[in-house]
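>>> How does the following fold in three dimensions:
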Amino acid sequence: MVSVALDWTLVAQLVTFLLLMFILNRILYRPVLNILHEREMLFEDLKSKAAQFKEQLELGEAEEKEERAGAVKDGEKVQNARKIEGQNEERDILGKAQAESSRKLEDSAKALEAQVADVRKGLEAEAHTLGREIAQKLLGREIHA
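Numbering: from 1, shown residues only. Model prediction:
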């Protein structure tokens, strides 16, 4: 059988172990734990900043999308206004052209009527002369009228 004797070396080893644990705790473990804790806090801070930047980016994208939609609507309004303006201008131009063509047609009709009247007068005079000549030939004598 093995016998264990308790003597002063056990107490010395226990004191040395506790002293070594105290020194290692002060010199090694606490600074490493502090560095790990600071690192963890830094990562948490960076994560929160990244989340904030992501929110700002999403808000910026949403604002940009709204601005684009507003610009498209404004563009459509301007386009519709230009279209209506063009249609009104087209109507005005067509109205003026129709009025001008109607005026020219009326002027041409009046000129034609004047020419017809002149031709009729000439034909009436000629018909009168021609009628007298035919009557003179048929009757065989001179007619004065």
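
>>> does residue 125 belong to a helix or a strand, and which?
Under the criterion of DSSP states H and E, residue 125 resides in helix 30-139.

>>> now residue 144
Going by DSSP H and E, residue 144 is not in any helix or strand.

>>> And residue 16, how far from residue 27?
16 Å (Cβ to Cβ, to the nearest Å). For every residue, glycine as well, the C-beta is placed using N, CA and C.

>>> just residue 79 next, same as before
From residue 79 to residue 27 the distance is 77 Å (Cβ to Cβ).

>>> Same question for residue 52.
Distance from residue 52 to residue 27, by Cβ to Cβ: 38 Å.

>>> Likewise for residue 108?
Relative to residue 27, and taking Cβ to Cβ, residue 108 is found at 118 Å.

>>> same deal with residue 89?
To residue 27, residue 89 is 91 Å away according to Cβ to Cβ.

>>> cool, and residue 34?
12 Å.

>>> Check residue 19 too.
Applying Cβ to Cβ to residue 19 and residue 27 gives a distance of 12 Å.

>>> Identify the contacts common to the two.
Here residue 19 and residue 27 have no joint contacts, going by Cβ atoms under 8 Å, 6 or more residues apart in numbering.

>>> Point out where the chain drops to low pLDDT.
1, 4, 145 (pLDDT under 70).

>>> Around residue 59, count how many other residues there are.
Residues contacting residue 59 under the criterion other Cβ atoms under 10 Å number 10.

>>> buried set for stretch 83-99?
Of all the residues in stretch 83-99, not one is buried under the rule 16 or more other Cβ atoms under 10 Å.

>>> Please state the offset of it from the chain centre?
27 Å (Cα atoms, centre = their mean, to the nearest Å).

>>> Could you export it as PDB, CA atoms only?
Presented in PDB, the C-alpha positions along stretch 83-99 are these (Å, rounded to 0.1, in the frame of the first residue of the first chain):
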ATOM      1  CA  LYS A  83     -48.400  67.200 -76.500                       C
ATOM      2  CA  ILE A  84     -51.500  69.300 -75.700                       C
ATOM      3  CA  GLU A  85     -49.600  72.400 -76.700                       C
ATOM      4  CA  GLY A  86     -48.600  70.800 -80.000                       C
ATOM      5  CA  GLN A  87     -52.200  69.600 -80.600                       C
ATOM      6  CA  ASN A  88     -53.500  73.200 -79.900                       C
ATOM      7  CA  GLU A  89     -50.900  74.600 -82.200                       C
ATOM      8  CA  GLU A  90     -51.800  72.000 -84.900                       C
ATOM      9  CA  ARG A  91     -55.500  73.000 -84.600                       C
ATOM     10  CA  ASP A  92     -54.500  76.700 -84.900                       C
ATOM     11  CA  ILE A  93     -52.400  76.000 -88.000                       C
ATOM     12  CA  LEU A  94     -55.000  73.800 -89.600                       C
ATOM     13  CA  GLY A  95     -57.700  76.400 -88.800                       C
ATOM     14  CA  LYS A  96     -55.600  79.100 -90.400                       C
ATOM     15  CA  ALA A  97     -54.900  76.900 -93.400                       C
ATOM     16  CA  GLN A  98     -58.500  76.100 -93.800                       C
ATOM     17  CA  ALA A  99     -59.500  79.700 -93.500                       C
END
